[in-house]
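Asker: Make a model of this:
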Amino acid sequence: METIAQKIKRTIANSLGVDQHLLTYDADLKHDLGADSIDILEIITLLENEFGVSVTHEKIGQIKRVGDLIKYFEETKLIPLHSQKLSAA
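Answerer: Below you'll find the model as predicted:
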């Protein structure tokens, strides 16, 4: 069974066409992996659908590295979806 981190890395690798070995926790999505803002939004949308988790606009602006995505989805995946919707409102 794939872990959350493995799913995120697979999604990023497929979206950006990069090798998964480049996807270290500290890899910068823009500077190291060549993602632009649209790429990042597409990756986040795919991950939201994959995990059933919403990412706020404020949080999207804070996501810079692969590790930021992993940390966010690992933490929010532990919170029931209905609680996320209430806190996001």
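
Asker: other SSEs contacting the helix ranked longest in the chain?
Answerer: Counting by DSSP state H, the longest helix found in the chain is helix 37-51. Helices and strands touching helix 37-51, by 3 or more Cβ pairs under 8 Å, 6 or more residues apart in numbering; DSSP states H and E, are helix 4-16, helix 57-60, helix 66-77. The way it works is simple: take the backbone N, C-alpha and C, and place the C-beta from them, glycine included.

Asker: please redo it, this time with the cut-off set to 6 Å
Answerer: helix 4-16 (3 or more Cβ pairs under 6 Å, 6 or more residues apart in numbering; DSSP states H and E).

Asker: quick one on the thing from earlier: just the C-alpha atoms of the longest helix of the chain, please, in CSV.
Answerer: Extracted C-alpha coordinates of helix 37-51, given in CSV (Å, rounded to 0.1, in the frame of the first residue of the first chain):
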residue,chain,number,x,y,z
SER,A,37,2.1,28.4,-10.7
ILE,A,38,-0.3,26.5,-13.0
ASP,A,39,1.6,23.3,-12.5
ILE,A,40,1.4,23.7,-8.7
LEU,A,41,-2.3,24.4,-8.8
GLU,A,42,-2.9,21.3,-11.0
ILE,A,43,-0.8,19.1,-8.6
ILE,A,44,-2.7,20.4,-5.6
THR,A,45,-6.1,19.8,-7.4
LEU,A,46,-5.1,16.2,-8.2
LEU,A,47,-4.0,15.7,-4.6
GLU,A,48,-7.2,17.2,-3.2
ASN,A,49,-9.2,14.7,-5.3
GLU,A,50,-6.9,11.9,-4.3
PHE,A,51,-7.2,12.5,-0.6
